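[1] Predicted coordinates and the sequence they were generated for:
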Amino acid sequence: MTLVTVKELTDKAYQNGYAIGAFSVASTEMINGAIQAAERTNAPIILQIAEVRLKQTPLHIIGPAMVQAAKEAAVPIAVHLDHGLTEPVIKQALELGFTSVMFDGSMFPIEENIAKSQKISRMARQYSASFEAEIGKVGGSEDGSEDIEAQLTALHEAKLFLNQVDVDVLAVAIGNSHGFYKSTTQIRFDHLEILQQALQYPFVLHGGSGLTEQDFHVAIEQGVAKINVATSTFHAALQKVKELEPMQDYYELHNALIDGSAENVEKHIHMFRSAGRVQYV
Ligand code: 13P
């Protein structure tokens, strides 16, 4: 159907009370699985990969596959660089046709995050791409290599940021973490409500794995329009492979990776209320 920008999808989602799933992929099997799920449910989705994952799956190989698969899909799909960290990699993604990039400057003081984000935002606009940034700190790290301590998004910093940076969706930190959650983890929906009431902006919720359907619905009611999911799709694909042991044929493995990914993506599309939303795009 169409390769679209994240903004085209999230603006509609924000206005209509649902969220777009941003599903991390690491292989053509995972791309196929995510797209199969989106087509089965008639849902727009975002395919994404984070910069830290490119050491396993190089951008110049997976990037063109993501963009081409999105172009050929029967539903609107955006292709996004998740947690962009360095300018050359973000530029490479834009050159490959990604329709959205994130710059993660959450490790810098706010003034530095603003200055760096302004530069990347201008670059994204040259390619007519969407731009996502993060204020505060989401806990953990995308690939589990670092144990970053969560730090709530400060309202005054978010206001300062939105006044100075041309950004389409804002990743907020409300006690959410990458990876599966410990049972004691508390998501601060009260803080999300404060941020949404003051800013009236489409937010991104990172760390979708381990949250419940109820959590997602509360988040959507408080202006979350994009929800990132990675760990639970990797886990679902792995579980599907384990169920098949012992395997006789390589393509049993191939199909299990597709099916496991598709099942997890489909489950989240329903929880995000984005099934059947193609007509809104
Ligand atoms: P999970 O691995 O917790 O689903 O988080 C994904 C994410 O936020 C990617 O940026």
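    Looks like it came in fine. Residues are numbered from 1 along each chain as shown.
[2] pLDDT (mean, whole number) over the top strand by length along the chain?
    Determined from DSSP state E, the single longest strand within the chain is strand 77-84. Taken as a whole, strand 77-84 has an average pLDDT of 98.
[3] same check, this time on stretch 272-281
    Mean predicted confidence for stretch 272-281 is 86.
[4] got it, and stretch 27-39?
    98.
[5] What of stretch 107-124?
    So the average pLDDT for stretch 107-124 ends up being 97.
[6] Tell me the secondary structure of the residue of the chain most remote from its centre, please.
    For the chain, the largest distance from the centre (C-alpha atoms, centre = their mean) belongs to residue 248, which lies 34.9 Å off. For residue 248, the assignment made with DSSP: H, G, I helix; E, B strand; the rest coil gives coil.
[7] Quick check: it vs the ligand, distance?
    32 Å (C-beta to the nearest ligand atom, to the nearest Å). Just so you know, the C-beta spots here come from the backbone N, C-alpha and C atoms, and that holds for glycine as well.
[8] Could you list which residues are in contact with that residue?
    Residues near residue 248 by C-beta atoms under 8 Å, 6 or more residues apart in numbering: none.
[9] For residue 143, see how far away it is.
    The gap separating residue 248 from residue 143 is 32 Å, by C-beta to C-beta, to the nearest Å.
[10] Close to the ligand: what parts of the stretch 101-250 of the chain are there?
    Within the stretch 101-250 of the chain, the residues that sit near the ligand (C-beta under 6 Å from any ligand atom) are 142, 178-179, 206-209, 228-232.
[11] hmm, try it at 8 Å
    Residues of the stretch 101-250 of the chain lying close to the ligand (C-beta under 8 Å from any ligand atom) are 138, 140, 142, 176-180, 205-210, 228-234.
[12] Need the buried ones from those selected in PyMOL.
    Only the buried members of these enter the following PyMOL selection, criterion being 16 or more other C-beta atoms under 10 Å:
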select buried, resi 138+140+142+176+177+178+179+205+206+207+208+209+210+228+229+230+231+232+233+234
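[13] what's the residue farthest from the centre of the chain sitting at in phi/psi?
    phi -100, psi -20 (degrees, to the nearest 10).
[14] Find me the pLDDT at it, would you?
    88.
[15] how close does it get to residue 145?
    Counting by C-beta to C-beta - residue 248 and residue 145 are separated by 35 Å.
[16] all strands of the stretch 51-200 of the chain, in order?
    77-84, 100-103, 130-135, 169-172 (DSSP state E, counting those that start in this stretch).
[17] For the stretch 101-250 of the chain, which segments are assigned as helices?
    For the stretch 101-250 of the chain, the helices defined by DSSP state H, counting those that start in this stretch cover 110-126, 155-164, 189-199, 213-221, 231-244, 250-271.
[18] Tell me where this structure is predicted with low confidence.
    Within the chain, the stretches with pLDDT under 70 are 1, 181-185, 280-281.
[19] Swap in 50 and give it another go.
    Across the chain, the ranges flagged by pLDDT under 50 are 183.
[20] now, of the helices of the stretch 101-250 of the chain, which is deepest in the fold?
    Neighbour counts (mean count of other C-beta atoms under 10 Å) averaged over each of the helices of the stretch 101-250 of the chain peak at helix 250-271, with a mean of 20.
[21] got the angle for that one vs helix 231-244?
    Comparing the axes of helix 250-271 and helix 231-244 via axes from the mean of the first three to the mean of the last three C-alpha atoms, to 10 degrees yields an angle of 140 degrees.
[22] Can you tell me which helices and strands helix 250-271 packs against?
    strand 20-24, helix 28-41, helix 213-221, strand 224-229, helix 231-244 (3 or more C-beta pairs under 8 Å, 6 or more residues apart in numbering; DSSP states H and E).
[23] can you give me the offset of it from its chain's centre?
    For helix 250-271, the separation from the chain centroid amounts to 17 Å (computed by C-alpha atoms, centre = their mean, to the nearest Å).
[24] List the contacts of stretch 258-275.
    Residues contacting stretch 258-275 (C-beta under 8 Å, 6+ apart): 13, 17-21, 23, 25, 29-30, 32-34, 36-38, 40-45, 208, 213, 216-217, 220, 227, 229, 232-233, 235-241.
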